[in-house]
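Peer 1: coords please:
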Amino acid sequence: MHRSFEGRDFQLLVVTATEETCPSCRGPLHVTQHRDRFVERLDGLVYQLRRDKRCPAEECVGRSRIFRPLEDARFALPRMTFGTDIVIAVGERHLDRHESFERIGRGLVEQGIPIHQTHVGELFRYYLALCQLARGDDAKLRARLMKRGGIVPMIDGVQFDEHSPVLYLVWDALSGEPLFGERRAFKGAEDLRSLLLRVKDMNVPVIGVVSDKEKGLVPAVSEVFPDVPYQFCQTHFLKNCAKPLSEDLSALSQSVSDRAESVRKIAKRLHVADLRAEPAPEASSEPATPNAPKALSEPEFVAELCAITRENARASGKAPLAPPELGRHNRLETVREAVETAREIAREGGHFGHHQVDHSSP
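Peer 2: Okay, here's the model as predicted:
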């Protein structure tokens, strides 16, 4: 799916390989390459930057091994520009609601997700493949995972809405390989037990298991893997901790949007009025000072602040620890402080050209 993402706002998501030490020489691992991609999701466009690591020691026998960030199949499938949530939405709307591909495509476009009609049918085929995913049965894959020393299955269910069936996905956290997928109408312990038994029947050592605290999943994991370390997903835990802030963050986001719109109107009025900079000062016989700050007229200074405000109103962050709404608010507050400083300078008879505004994020 070759698509263009230029000129659109996006959220930045940086993921780094979690390994810190080389297993061969016990030296530190360094980030040596970056892989990036745009991913279209229901909650907006995401620019994902993946940072891979390797051992920098030339004499290390494990120097050729590359350590990659954990690939979350719930976020997006490998080499996909549409997130898994959109794949699920297409599949469930077609299977459960019996909507046509054309209607689904129109609905996604109305949500602000640019998608071509042919892509809808392709995403549906991906959904069917996920529902019948059985890569864990492949002998070559099992041998490769065995050579790595084992697997850490991550189990999670993705649901289009509370009434639709749940698509459960199992993938290996160490290699990022998707293993199994099943579409379940019920999510009790007995219903999920068969899915976990498929993982157990791979006969690959299970080092640990990671999942959320889903009511039926917890007892099923404890029954099938009673002696395996079982950890609950920290991302789910942090998101649950951040839930009480959701209303405040929504209000903060609306406040940022209102302030950005007010600034846009000011910038438009400046453009319509065609305000000009103040006349240049009379030539002086003294030589110009190298790297002297450029003198700005008041309209030019206001226009510059408007541009900075619009840029920072689109700043992104990473929830739940660094919510983008809070990042945008803090950036605009920095611009507000610059405005207040400039106002004080003007009251004291100072010149705008000697006031510097920090364009970088705070």
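Peer 1: for burial, what's the neighbour tally of Val210?
Peer 2: Residues within reach of Val210, counting by other CB atoms under 10 Å, total 20. No exception for glycine: its C-beta is placed from N, CA and C like everyone else's.
Peer 1: and the helices in the stretch 1-150 of the chain?
Peer 2: Secondary structure of the stretch 1-150 of the chain (DSSP state H, counting those that start in this stretch): helices located at 84-95, 101-110, 117-131, 139-147.
Peer 1: ditto for the stretch 201-350 of the chain
Peer 2: Going by DSSP H, counting those that start in this stretch, the stretch 201-350 of the chain shows helices at 217-224, 234-242, 246-273, 298-312, 324-347.
Peer 1: can you lay out those as JSON lines showing distance to Ile104 and mean pLDDT?
Peer 2: Putting the helices of the stretch 201-350 of the chain into JSON lines (distance: least, CB to CB, whole Å; pLDDT from 0 to 100) gives the following:
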{"stretch": "helix 217-224", "distance to Ile104": "29", "mean pLDDT": "90"}
{"stretch": "helix 234-242", "distance to Ile104": "27", "mean pLDDT": "69"}
{"stretch": "helix 246-273", "distance to Ile104": "27", "mean pLDDT": "76"}
{"stretch": "helix 298-312", "distance to Ile104": "34", "mean pLDDT": "71"}
{"stretch": "helix 324-347", "distance to Ile104": "28", "mean pLDDT": "77"}
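Peer 1: nearest approach to Gly62 belongs to which of the helices of the stretch 1-150 of the chain?
Peer 2: helix 139-147 (13.6 Å; CB to CB).
Peer 1: who's in contact with that closest one?
Peer 2: With contacts defined as CB atoms under 8 Å, 6 or more residues apart in numbering, helix 139-147 is touched by Arg135, Gly136, Ile151, Asp172, Ser175, Glu177, Met202, Asn203, Val204, Pro205.
Peer 1: assign the fifth one to helix, strand or coil.
Peer 2: It stands for Ser175. Counting by DSSP: H, G, I helix; E, B strand; the rest coil, the backbone at Ser175 sits in coil.
Peer 1: hang on, it packs against Ile151?
Peer 2: Yes - using CB atoms under 8 Å, Ser175 is in contact with Ile151, at 7.4 Å.
Peer 1: more neighbours: which of the two?
Peer 2: For Ser175 versus Ile151, neighbours defined as other CB under 10 Å are more numerous around Ile151 (26 against 17).
Peer 1: tell me which element Arg198 is part of?
Peer 2: Assessed by DSSP states H and E, Arg198 sits inside helix 189-200.
Peer 1: how is this protein divided into domains?
Peer 2: 69-243, 245-278+293-354 (automatic domain parsing).
Peer 1: confirm that Gly181 sits in a strand.
Peer 2: Yes - going by three-state DSSP, the assignment for Gly181 places it inside a strand.
Peer 1: quick one: find the helix or strand in the chain with the lowest mean pLDDT.
Peer 2: Using mean pLDDT, DSSP states H and E, helix 234-242 stands out as the lowest-scoring helix or strand of the chain, at a mean of 69.
Peer 1: for Glu162, the count of nearby residues, please.
Peer 2: Neighbours of Glu162 using other CB under 10 Å come to 6.
Peer 1: same question for Gly157.
Peer 2: 20.
Peer 1: what's the spacing between it and Glu177?
Peer 2: To Glu177, Gly157 is 19 Å away according to CB to CB, to the nearest Å.
Peer 1: swap in Asp248?
Peer 2: Counting by CB to CB, the gap from Asp248 to Glu177 is 39 Å.
Peer 1: cool, Gly44 as well?
Peer 2: On the measure of CB to CB, Gly44 and Glu177 end up 28 Å apart.
Peer 1: okay, now the unreliable bits of the protein?
Peer 2: 1-7, 71-73, 233-237, 270-301, 311-322, 349-362 (pLDDT under 70).
Peer 1: without its sequence neighbours, what residue ends up closest to Pro165?
Peer 2: For Pro165, ignoring the flanking residues on the chain, the nearest one in space by CB to CB, 6 or more residues apart in numbering is Ala185 at 4.7 Å.
Peer 1: whoops, Leu197 was the one
Peer 2: Val224 (6.1 Å).
Peer 1: isn't that neighbour up against Arg193?
Peer 2: Yes - at 6.3 Å, Val224 and Arg193 qualify as touching, with contact defined as CB under 8 Å.
Peer 1: which one's more surrounded, those two?
Peer 2: A count of neighbours by other CB under 10 Å puts Val224 above the other of Val224 and Arg193, at 20 against 15.
Peer 1: neighbours of Met80, how many?
Peer 2: Neighbours around Met80, by other CB under 10 Å: 18.
Peer 1: wait, it sits on Phe38?
Peer 2: No - counting by CB under 8 Å, Met80 does not reach Phe38; the two are 10.5 Å apart.
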